[in-house]
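1. Only the shape, not the letters, is given here:
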Ligand code: CTP
């Protein structure tokens, strides 16, 4: 049978495959096998290259905030609703879990049925609800075993003091406790009880035991109790918090192809002072560089981001050095070496004023003050030409407003980097400050320069695709 060479595929298809395989934690080859298998089974497959044309792709899913629909891909949750006043919030939890594309099977304890009805739970879950250990109508022969194992996660909300005591001591005298004893799936508890019950020595012992047994807990939170005038720690965590905790437990571990690699990234504009209150700047938002930092971190890299002044939150778990001028940026970049990969996405100001005014420049009768400009250090070129500490993979950006590919090729030769990501930043594109980007990746093969043109994507998608391409290249080299 003919074999398939991924390298020879159309670039838009390669970008799609990289995004899809990164999301699913497979190699690109494995992903192709899965797609072919799905097509053989008659599953519809749609591929289009521009966001307006296509149905949600893995790239869309990757760029989705956690907690939005589709995030969990039909994961199965057995939700045990215990008997407490917070049981009514468990109904909202069913909705929150279903919003995340989760299949929810509810089990109600006898006490829970005093607070909510099986009918309301089944109406929200679109599934029958289970209440009895010995249920003649259950479609399962040993119901508690199936409910305990036919799922990816068990959530107990509200987890009452009684239910937790039973769990901690291995009781199995009703359906809920039997499921909890029979399961080999992760368990998430959302305790809810009166603060005195929560602080009681017996509950403390049970909580400690359950934690030792590997049970995960969310809450309880502090606040007012249902009982008039009582407050303290004991309120069940909010449904959204519980759903987010469930999502964290259900989400498959992300592939971490850049684990152990140090990645250095520059982002944003630089500000070059004219006097204490004025500066030269440009319109860069820093979004693309920040997205690359987040994508590299998600791929397992140890990331240092050197950023000029931007209006963005620092990406989590990334070391961020905030700088103002090009010279500060160069100092921080040099201090962050050695690195395995360096990506220069910053829009560094090319010039600064030769002599910065110590005081605010004033209007005078003599007319405008002369502003003499001198050239800033070229950070990308400096790092690309290092002898000892040159990172093995140096990537530059080429922001152009005309003759995109020709200018990018000239820049490639001038800067001495390994790859260049070229993009058209003329005002009509909306790239500067916007959320989308259309890029062309220039790479070298000896003297030959390859240009891969990627479809229009969000800046997060560009970042994910670039990181996937880096991971692929580094993987081949090691
Ligand atoms: N760059 C840099 N230091 C500078 C200028 C640019 O590190 N002083 C980097 C940018 O981060 C980018 C690449 O060089 O990766 C190209 O930047 P760009 O602004 O597109 O080009 P310039 O070098 O400024 O050249 P030109 O003004 O001719 O477009």
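-> Perfect, I can see it now. Source: prediction; values computed, not measured.

2. Lowest-scoring secondary structure element of this protein by mean pLDDT?
-> Between all helices and strands in the chain, the lowest mean by mean pLDDT, DSSP states H and E belongs to helix 58-63, at a mean of 38.

3. so after it, what's the next helix or strand?
-> Sequence order places strand 76-81 as the next helix or strand after helix 58-63, per DSSP states H and E.

4. Show residues contacting the next helix or strand after that next one.
-> Secondary structure here is assigned by DSSP H and E; on that basis, the next helix or strand after strand 76-81 toward the C-terminus is helix 87-99. Judged by C-beta atoms under 8 Å, 6 or more residues apart in numbering, the contacts made with helix 87-99 from elsewhere in the structure are 68-69, 77, 79, 81, 104, 106, 112, 115-116, 120-121, 124-126, 155, 157-158, 236, 238-240, 242-243, 246. No exception for glycine: its C-beta is placed from N, CA and C like everyone else's.

5. do stretch 423-436 as well
-> Residues outside stretch 423-436 that contact it (C-beta under 8 Å, 6+ apart) are 51, 283-285, 287, 397-402, 404, 437-440, 456-459.

6. quick one: is that stretch near the ligand?
-> No: among the residues of stretch 423-436, none lie within reach of the ligand under C-beta under 6 Å from any ligand atom; the closest is 8.3 Å away.

7. Same check on stretch 302-317?
-> No: with C-beta under 6 Å from any ligand atom as the measure, stretch 302-317 is seen stopping short of the ligand, the closest distance being 10.2 Å.

8. okay, now residue 423: neighbour count?
-> Residue neighbour count, defined by other C-beta atoms under 10 Å, stands at 20 for residue 423.

9. whoops, I mixed them up, residue 209
-> Residue 209 has 15 neighbouring residues, counting by other C-beta under 10 Å.

10. residues touching residue 303, list them.
-> For residue 303, the residues meeting the contact criterion (C-beta under 8 Å, 6+ apart) are 262, 263, 264, 265, 293, 296, 297, 315, 317, 318, 319.

11. isn't there a strand covering the fifth one?
-> Okay, so that is residue 293. No: assessed with DSSP: H, G, I helix; E, B strand; the rest coil, residue 293 is helix; it does not lie in a strand.

12. just to revisit the earlier point, keep only those of the contacts of stretch 423-436 that are in strands.
-> Judged by DSSP state E, the contacts of stretch 423-436 include 397, 398, 399, 400, 437, 439, 440, 457, 458 as members of strands.

13. ok, what's across the strand from the third one?
-> For residue 399, the beta-bridge assignment (DSSP bridges) gives partners residue 423.

14. Going forward, the N-terminal residue is numbered 756.
-> Renumbered: residue one is now 756, and that last one reads residue 1154.

15. In contact with it, which residues?
-> Shown here is residue 1154, whose contacts under the criterion C-beta under 8 Å, 6+ apart are 1102, 1178, 1180.

16. quick one: what helix or strand has the residue in the stretch 906-1055 of the chain that the ligand sits nearest to in it?
-> For the stretch 906-1055 of the chain and the ligand, the shortest gap (C-beta to the nearest ligand atom) falls at residue 1021, measuring 5.7 Å. Following DSSP H and E, one finds residue 1021 within strand 1017-1022.

17. Counting by contacts, list what that strand packs against.
-> Counting contacts by 3 or more C-beta pairs under 8 Å, 6 or more residues apart in numbering; DSSP states H and E, strand 1017-1022 is packed against helix 1042-1053, strand 1057-1062, helix 1081-1090, strand 1096-1099.

18. For the residue nearest the centre of the chain, give its distance to residue 941.
-> Taking C-alpha atoms, centre = their mean, the centroid of the chain lies closest to residue 1053, which sits 6.6 Å from it. According to C-beta to C-beta, to the nearest Å, residue 1053 stands 22 Å off from residue 941.

19. and what of residue 1229?
-> Using C-beta to C-beta, which is the criterion applied here, residue 1229 is 33 Å from residue 941.

20. Equivalent analysis for residue 1125, please.
-> Shown here: residue 1125 relative to residue 941, a distance of 69 Å by C-beta to C-beta.

21. more crowded one of these two?
-> Under the neighbour definition other C-beta under 10 Å, residue 1125 and residue 941 were set side by side, and residue 941 has more, 16 against 7.

22. contacting residues around the more buried one?
-> Counting by C-beta under 8 Å, 6+ apart, residue 941 has contacts 908, 909, 969, 971, 1004.

23. Please name the residues that touch the last one.
-> In other words, residue 1004. Residue 1004 sits next to 908, 941, 943, 971 when contact means C-beta under 8 Å, 6+ apart.

24. is it true that residue 910 touches residue 832?
-> Yes: when contacts are counted by C-beta atoms under 8 Å, residue 910 is listed as touching residue 832 (5.7 Å).

25. Tell me how many other residues crowd residue 980.
-> One way to gauge burial is a neighbour count; for residue 980, by other C-beta under 10 Å, it gives 17.

26. again with residue 1073
-> By the other C-beta under 10 Å criterion, the neighbourhood of residue 1073 contains 19 residues.

27. The ligand versus that one, what's the distance?
-> When C-beta to the nearest ligand atom, to the nearest Å is applied, the distance between residue 1073 and the ligand equals 18 Å.

28. Could you tell me the per-residue confidence at the nearest residue to that residue once chain neighbours are set aside?
-> Beyond its immediate neighbours in the sequence, the residue positioned closest to residue 1073 (C-beta to C-beta, 6 or more residues apart in numbering) is residue 1058, lying 4.5 Å away. For residue 1058, the pLDDT comes out at 98.

29. Equivalent analysis for residue 1227, please.
-> pLDDT, residue 1227: 92.

30. Touching the strand or helix carrying it from outside, list them.
-> In this structure, residue 1227 sits in helix 1214-1232 according to DSSP H and E. Taking contacts as C-beta under 8 Å, 6+ apart, the residues outside helix 1214-1232 that touch it are 770, 773-774, 776-777, 783, 814, 817-818, 1012-1013, 1016, 1042-1043, 1046-1047, 1049-1051, 1053-1054, 1095-1096, 1098, 1147-1148, 1150, 1176, 1190-1192, 1194, 1196, 1209, 1212.

31. switch to 6 Å and redo it
-> Outside of helix 1214-1232, the residues that reach it under the criterion C-beta atoms under 6 Å, 6 or more residues apart in numbering are 770, 773-774, 777, 814, 817-818, 1012-1013, 1042-1043, 1046-1047, 1050-1051, 1054, 1192, 1194.

32. How many residues are close by the residue nearest to residue 1101 when sequence neighbours are not counted?
-> If you skip the residues right next to it in sequence, residue 1101 has residue 1021 as its closest partner in space, 3.7 Å away by C-beta to C-beta, 6+ apart. Burial of residue 1021, expressed as a neighbour count using other C-beta under 10 Å, amounts to 33.

33. ok, residue 1021 - contacts?
-> For residue 1021, the contact set (C-beta under 6 Å, 6+ apart) comprises 1061, 1099, 1101.

34. who does the helix or strand hosting residue 1206 touch, helix- and strand-wise?
-> When elements are defined using DSSP H and E, residue 1206 is found to belong to strand 1203-1208. Here strand 1203-1208 touches strand 1194-1200, going by 3 or more C-beta pairs under 6 Å, 6 or more residues apart in numbering; DSSP states H and E.
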